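S.K.: Okay, here's the prediction I keep looking at, along with the sequence it came from:
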Amino acid sequence: MESDVQMSGTRERKRVMGDMRTGYGEALAELGSINKDVVVVGADTTQSLKTSLFGHKFPERFFNIGIAESNAVSIAAGLALAGKIAFVSTYAAFIPGKCVDQIRNAIAYPNLNVKIVASHAGLSVGPDGASHQQVEDIATMRAIPNMRVLAPADEYSTRRLVFTMAESSGPCYMRLARPKSPLLYTNGDVRFAIGSSNILRDGNDVAIIACGLMVSEALDAADTLAEEGISCRVIDMYSIKPIDSDAILKAARDTGAVVTAEEHNIFGGLGSAVAEVVCEHNPCMMKRIGVKDTFGESGEHDELLAKYGLKARDIVGAVREVVRAKKR
Amino acid sequence: MMQSQEILRLKEIARRTRRLIIESVAEAGSGHPGGSLSAVELVVALYFHKMRHDPKNPRWEDRDRFILSKGHAAPLLYSVLAQAGYFPLEELKTLRKMGSMLQGHPDFRTPGVEYCAGSEGIGLSVGIGLALAAKLDGKDYRTYVLLGDGELQEGQVWEAAMAAVKYRLDNLTAIVDRNGIQQDGLTESIMPLEPLEAKWKAFNWHVIQIDGYDFEQIIDAYNEAEQTINRPTVIIAHTTKGKGISFMEWSPQWHGQAPKKEQVSKILEEMGLL
Ligand SMILES: Cc1ncc(C[n+]2csc(CCOP(=O)(O)OP(=O)(O)O)c2C)c(N)n1
Ligand SMILES: [Mg+2]
C-alpha cells in the first residue's frame, strides 16, 4: 500500500520545526481576504493565538471580548446566526473548558457555523500547571451532537484545516498544541478532509493511530520498532469526529493490532473513538496511550510527556505488548 | 493613625517580596511578574498585619481566608507565604519546576494556599461559599478575595456580586487590583470596565477606593470593611502593573514574561531591592 505522504527519516524530520498558532493565524488572515463572511472573536489572548494578524488586517471583522469566554462563544453564535463564519479562539482550558454549556446550547444544538480553535491543549502549556492544561476537550466536544473535532499534527496541517473547516458549514472544534513541533507535511497534494486521515508510514505488524503532537512521537516509535523488525503503520488521525472508520478497520484487518496515542485523558478521546470502531466491527488487540485519568502538574512539556507515559518509548512498549499478545 | 514603625516594617516586607517575585520568576523562566508586583502591598498588609492566621497550623479552623482569584499572581502569594513561615524560602527556587510544591498556579500541595486558582472569574464565588459557611457555623473568620481588573470581565464575577449581597456577607471583602492592564492590552480598550465604582454600587456593595501602595489607606480600608455590617465590601485599589520595576510598569508585555536570570542582579540593584 502506498503512503499518502513521502516521509523523511526521523533525523531529517526534526530539523524543520513549525508552530501551529502561526499556521492558524496566517491561514485565518488569508481566509479573511478570500471570504468576507469570516469574522473572528477573541478573549484577551489574541496575540498569543495570533488571531491578531486577522485583527490588524480586518479590524471591523475582529472582536476581542476580553476575559469572558462564555460571552465570546455566545457572541460567535450570534454572528453565525446572522450568516457569518465565526472563528472563536483562546486557550483550550477556557474554550471549551469554561463554556461547554454555551457551546452545546448556543452553537451545537442550533447547528451554527462556528469554528472553535483552541491552543495549549493537552499538557503542552507545561509550567503553568494543571489549571491551564486541558486533557478533556476531545471527550467533551466529541460527546456533543453536531460538533466535529479536529486535532492537527503540525503547522502545515493546521493551515490546511482552517480552510477545510471554513468550507464545511456547521460547528467544529480544532485543538492546537503550544510548542513548536516538527513539520510532518510539506506543500503537496495531501488531502485534509473532515472524516479522513493520512497514513504517514505504512506497515503490517501493527497500526499506531495518533493525533496532534503524538503523531511525531509515533513516527519516532516506528523508527525504533523498525530496527527490531516490527513494521508499523502510522496514521495521523487528525479528524477525531467524524472518524475515518474505513482506515481504522483496514488497519485492524491488515495488522491485527492497534495502538492509539494522544495528549488527552485515555477516557473519551481518540483512543476511545478508535476502540468504538474496532470493538464493534473488527475486535483486535488494542492499547491506548494517553493521560491516565489524572490532572497534570507544572513541568516542561517534555518532562510531563515522560512522566505521564506519552513518549515514543511508551508507544514502543505498547506496540511490543500488542504484537506479543497477537502472536499468542 | 497607624504607627509609623509598623508602616516601615510592612514596607520592608513589601520590598523583600518584590525581590523574591523577580528572583523566583526569573529562576522559573516563565510566569507572571506584572500582576504579581502590582498587588504586593495589598497582600502583604493582609498576611503581616490584618489577617488572623497561623503558619504553623495552616488548616486552623478559625483562620481568616485569603483567595487569590487572579491565580497567575502565584509568585506573589508564594513569596508572602514563605516569608510568613508557611514553608522555607528555599522552596521559591523550585517555582514551576517538575515535582515542586509551587505549581504555576496555586494548588493545594502548598501549605497556606486556600484555593486552586488559575482559571479567572471563579474565586469570588468560592469566597462566598466560605463566607456562607462561616455564618452557618457561627464563626467570625473573614474571607478576602483578590481579583484582577481584567478578571471582572468574566460574567461569573457579577453573578457572585449579586449573591454576596443577597446573603448580606459582611464577612467577605473583595479587593480589585485596578492596574488597568490585562493580557492583550489596556482594560479600557479591550473591554471597558468604567464606571467601575458605579457598577459595584449598583450591585449594592460598600465600595472603597484607595491607592494600592499606601499602607495606611490599605489598612484603613480593611478595617472599614470589617466594620461595615449587612453587606459585602469591595476595595478598588488603584495600582500599577509591574510596580517597582521601571521597565515593567504599565507594560502589557511584562504580564506573562520572565526576566532573564542574568539580568536579575542588575534589575534588583537598579530598583533598590537588593
Ligand atoms: C478564564 C481565563 N481566561 C484566560 C486566562 C488567561 N489569562 C491569564 S492572566 C490574563 C489577564 C489577566 O488580567 P487581569 O485580571 O487584569 O490580571 P492582572 O492585570 O492583575 O495580572 C489572562 C487573559 C485565564 N487565566 N483564565
Ligand atoms: Mg489587570
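M.R.: Looks like it arrived, so ask away. Since this is a predicted model, take the numbers as computed values, not measurements. Ligands and ions are numbered 1, 2, ... in the order given.
S.K.: Alongside ligand 1, which residues does chain A contribute?
M.R.: A:44, A:45, A:67, A:69, A:94, A:98 (C-beta under 6 Å from any ligand atom). Every residue, glycine included, has its C-beta placed from N, CA and C.
S.K.: Tell me which residues touch residue B:56, please.
M.R.: When the contact criterion is C-beta atoms under 8 Å, 6 or more residues apart in numbering or on different chains, the partners of residue B:56 are residue B:85.
S.K.: With residue A:62 instead?
M.R.: Residue A:62 neighbours (C-beta under 8 Å, 6+ apart): A:39, A:40, A:42, A:46, A:51, A:54, A:55.
S.K.: Just give the number of residues close to the closest residue to residue A:177 other than its chain neighbours.
M.R.: The shortest distance from residue A:177 to any non-neighbouring residue, by C-beta to C-beta, 6 or more residues apart in numbering or on different chains, is to residue A:124 (4.4 Å). Residue A:124: 25 surrounding residues under other C-beta atoms under 10 Å in any protein chain shown.
S.K.: Helix, strand, or coil at residue A:124?
M.R.: Three-state call for residue A:124 (DSSP: H, G, I helix; E, B strand; the rest coil): coil.
S.K.: Let me know whether it touches residue A:213 as I believe.
M.R.: Yes: using C-beta atoms under 8 Å, residue A:124 makes contact with residue A:213 at a distance of 6.9 Å.
S.K.: mind listing what the nearest residue to residue B:45 once chain neighbours are set aside touches?
M.R.: Spatial nearest neighbour of residue B:45, chain neighbours left out: residue B:218 (4.6 Å); criterion: C-beta to C-beta, 6+ apart. The neighbourhood of residue B:218, defined by C-beta under 8 Å, 6+ apart, consists of B:41, B:42, B:45, B:210, B:212, B:235, B:237.
S.K.: Might you name the residue of chain A sitting closest to ligand 2?
M.R.: residue A:67 (9.5 Å; C-beta to the ion).
S.K.: contacting residues for that residue?
M.R.: A:43, A:44, B:120, B:121, B:150, B:151, B:153, B:154, B:182, B:183, B:191.
S.K.: what do you get for residue B:65?
M.R.: Going by C-beta under 8 Å, 6+ apart, the list of residues near residue B:65 reads B:114, B:127, B:130, B:141, B:142, B:143, B:144.
S.K.: Now do the phi/psi pair for it.
M.R.: Dihedral pair for residue B:65: phi -110, psi 140, per degrees, to the nearest 10.
S.K.: Look up how far residue B:135 lies from it.
M.R.: With the distance defined as C-beta to C-beta, to the nearest Å, residue B:65 ends up 13 Å from residue B:135.
S.K.: do the same with residue A:289
M.R.: Computed as C-beta to C-beta, the residue A:289 to residue B:135 distance reads 49 Å.
S.K.: do the same with residue A:195
M.R.: Residue A:195 is 55 Å from residue B:135, by C-beta to C-beta.
S.K.: cool, residue B:147 as well?
M.R.: 22 Å.
S.K.: So which of the two has more stuff around it?
M.R.: More crowded of residue B:147 and residue B:135, by other C-beta under 10 Å: residue B:147, with 26 against 15.
S.K.: Hmm, the more buried one is touching residue B:176, no?
M.R.: Yes: contact criterion C-beta under 8 Å: residue B:147 and residue B:176 qualify, at 5.3 Å.
S.K.: ok so, going back, wait, what's in contact with the residue nearest to residue A:177?
M.R.: A:133, A:177, A:178, A:179, A:213, A:263, A:301.
S.K.: so what pLDDT did residue A:11 get?
M.R.: For residue A:11, the pLDDT comes out at 48.
S.K.: how about the residues of the stretch 151-274 of chain B near ligand 1?
M.R.: B:151, B:177, B:179, B:181, B:182, B:183, B:241, B:255.
S.K.: if we can go back for a sec, select from the residues of chain A next to ligand 1 the one having the most neighbours.
M.R.: residue A:69 (31 neighbours).
S.K.: Please determine how far it is located from residue A:92.
M.R.: For residue A:69, the distance to residue A:92 - C-beta to C-beta - is 11 Å.
S.K.: Residue A:177 versus residue A:201, what's the distance?
M.R.: From residue A:201 over to residue A:177 (counting by C-beta to C-beta), the distance is 21 Å.
S.K.: Looking at the two, which one has more neighbours?
M.R.: A count of neighbours by other C-beta under 10 Å puts residue A:177 above the other of residue A:201 and residue A:177, at 27 against 20.
S.K.: Ligand 2 contacts on the stretch 1-150 of chain B?
M.R.: B:148, B:149, B:150 (C-beta under 5 Å from the ion).
S.K.: Now, the residues you listed that are in strands?
M.R.: residue B:148 (DSSP state E).
S.K.: Helices along the chain, start to end?
M.R.: No chain in the question, so chain A it is. A:10-15, A:20-34, A:46-49, A:52-57, A:69-81, A:100-102, A:137-142, A:155-167, A:214-227, A:245-255, A:270-281, A:301-307, A:312-327 (DSSP state H).
S.K.: was after chain B, sorry
M.R.: Assigned by DSSP H, chain B shows helices spanning B:4-28, B:33-38, B:40-45, B:74-84, B:123-137, B:155-166, B:187-190, B:196-202, B:215-227, B:264-270.
S.K.: ok so, going back, quick one: which of the contacts of residue B:65 is nearest chain A?
M.R.: Lowest distance from chain A to the contacts of residue B:65 (C-beta to the nearest C-beta) belongs to residue B:114, with 14.6 Å.
S.K.: State the number of residues packed around that closest one.
M.R.: 22.
S.K.: Relative to residue B:58, how far out is it?
M.R.: With C-beta to C-beta as the criterion, residue B:114 and residue B:58 are 9 Å apart.
S.K.: likewise residue A:261?
M.R.: Taken as C-beta to C-beta, the span from residue A:261 to residue B:58 is 40 Å.
S.K.: Between these two, point out the one with more neighbours.
M.R.: residue A:261 (30 against 16).
S.K.: Now do the contacts for that one.
M.R.: So residue A:261 contacts A:208-211, A:214-215, A:217-218, A:270, A:289-290, A:310, A:315 (C-beta under 8 Å, 6+ apart).
S.K.: Tell me where the model's unsure across chain A.
M.R.: Scanning chain A for pLDDT under 70 picks out A:1-14.
S.K.: wait, what's in contact with the residue in it positioned nearest to chain B?
M.R.: Nearest residue of chain A to chain B: residue A:131, at 2.6 Å (C-beta to the nearest C-beta). Contacts for residue A:131 (C-beta under 8 Å, 6+ apart) come out as A:93, B:71, B:104, B:105, B:107, B:116, B:117, B:118, B:119.
S.K.: tally of neighbours for residue B:164?
M.R.: Residue B:164 has 27 nearby residues by other C-beta under 10 Å.
S.K.: now the one 3 residues further on
M.R.: Residues lying near residue B:167 (other C-beta under 10 Å) number 15.
S.K.: what about the residue nearest to it when sequence neighbours are not counted, how many neighbours?
M.R.: Counting by C-beta to C-beta, 6+ apart, residue B:167 lies nearest to residue B:132, which is 6.1 Å off, once chain neighbours are set aside. A count of nearby residues for residue B:132, using other C-beta under 10 Å, gives 17.
S.K.: Residue B:145 now?
M.R.: Neighbourhood size, residue B:145 [other C-beta under 10 Å]: 31.
S.K.: Over to the one 5 residues further on?
M.R.: Other residues within reach of residue B:150 by the criterion other C-beta under 10 Å amount to 29.
S.K.: From what I see, it and residue B:187 are in contact.
M.R.: Yes: in this structure residue B:150 lies within contact range of residue B:187 using C-beta under 8 Å: 5.6 Å.
S.K.: list the residues that contact both of those two?
M.R.: In contact with both residue B:150 and residue B:187: A:66, B:181, using C-beta under 8 Å, 6+ apart.
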